[in-house]
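Q: Give me the fold of what follows.
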Amino acid sequence: MKQQREGKNTQQSTSPTRREGFGSQRPSRRVVEGHTRPCEDCGDVNWDMDLTRGEITCGTCGLVVEENVPDPGAEWTNHGQGEDRSRVGRPMTYTLADKGLNTTIDVRDLNTGSSSRHGISSRSRREWRRRRVIDERSKTRKSRERNLVKANQFIRDRSGLPQPLQEESARLYRMLSTAGFVTGRSIAGVTTACTYLVARQEELPRQIPDVAEAFDVTEKDLSRLIRQVSRRLNLHKITGPNEYFDKFISDLALPPGIREPLEELWATIQPHEDVWQGKKPMGVAAALIYKSSNHVGSPRTQSEVCAVANVSEVTLRGLLRLIDGLIEKIKAREALE
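A: The predicted structure follows:
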């Protein structure tokens, strides 16, 4: 008995003492769902959830207050060969007509080699191929669903955008289709307009001639649809020449040193909106890069710059005159001051 009492006294002496009164430190509160009250043994609120053991314990004294806690995460039973063992399925996507919520029969499972490994005979394979065709046709019985499939195929194959921006383009097209905007208009044209507007919103340089060529639509029709779609979805945005700087510098293989004088020149003319607004931003960017390339000693010819910017040399020379005239006025004003 004496030894037990001494053991208890030793245990009590090693346990952390709780100071009360002015200047005492409050123990940190760490709660989990369903456990907010202090521990019955030590009085601390310091709960830990061990998902491996399925237990909720006190982080101070180790008291187990709940066992066999269900794991709220994904089910980790792997029935395939991949590294990801979760069975929660793919996320919803706008790039598929059914948003990826339907079950599909993968054509790769019906190949000769794969089906043989699964013990499927040639007769069963033909039957499953027939069922796959019927299944695909049943999902696109309505014209709107067929149009969504076609539009999403355009976006995936021709947009050249990252996956998140493809999702946004498909979402915009779906909104327009639901509102009846696509009726009477070209599916490829509306899809191209959505792709161009998404790229413009994210400040990715896309030129109308390049996008029109990729989707096989005319520049005139694309420009008209861009105006209509932007008004319908309230996506008006003034594209600045600076959004084309990186693309043109890369296409012309200019040195990195051109960036500083180019930004200084753009900062000079940017406040004077009467000079550059209303003009093609590609043309203004081409004029600024042409002047900056001469400044850093890596000149490019007007024909080279115009070929990259898709503007005529007449347009480029006209913009150069405007910019030179503005710079002369600014210098004259500074000299008077």
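
Q: Where do the helices of the chain begin and end?
A: 2-14, 112-117, 122-139, 143-158, 163-178, 187-201, 208-215, 219-233, 245-251, 259-269, 273-276, 281-295, 302-309, 313-336 (DSSP state H).

Q: Generate CSV for the ones you listed, with mean pLDDT, distance to residue 69 and mean neighbour count as supplementary columns.
A: (Each C-beta comes from the backbone N, C-alpha and C, glycine too.) Converted to CSV, the helices of the chain look like this (pLDDT from 0 to 100; distance: least, CB to CB, whole Å; neighbours: other CB atoms under 10 Å):
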stretch, mean pLDDT, distance to residue 69, mean neighbour count
helix 2-14, 43, 29, 9
helix 112-117, 66, 40, 12
helix 122-139, 73, 41, 12
helix 143-158, 84, 43, 17
helix 163-178, 89, 36, 19
helix 187-201, 91, 44, 23
helix 208-215, 89, 54, 17
helix 219-233, 90, 47, 16
helix 245-251, 89, 52, 17
helix 259-269, 90, 57, 16
helix 273-276, 81, 63, 14
helix 281-295, 91, 59, 23
helix 302-309, 91, 62, 18
helix 313-336, 88, 69, 13
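
Q: Format these as TSV; extra columns: distance to residue 62.
A: Output for those, formatted as TSV (distance: least, CB to CB, whole Å):
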stretch	distance to residue 62
helix 2-14	13
helix 112-117	51
helix 122-139	56
helix 143-158	55
helix 163-178	46
helix 187-201	54
helix 208-215	64
helix 219-233	59
helix 245-251	58
helix 259-269	60
helix 273-276	69
helix 281-295	66
helix 302-309	69
helix 313-336	75
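
Q: Nearest to residue 47, out of these?
A: helix 2-14 (22.4 Å; CB to CB).

Q: And the helices of the chain: which comes nearest residue 50?
A: helix 2-14 (24.3 Å).

Q: Next, the contact list for residue 254, please.
A: 289, 293, 296, 298, 300 (CB atoms under 8 Å, 6 or more residues apart in numbering).
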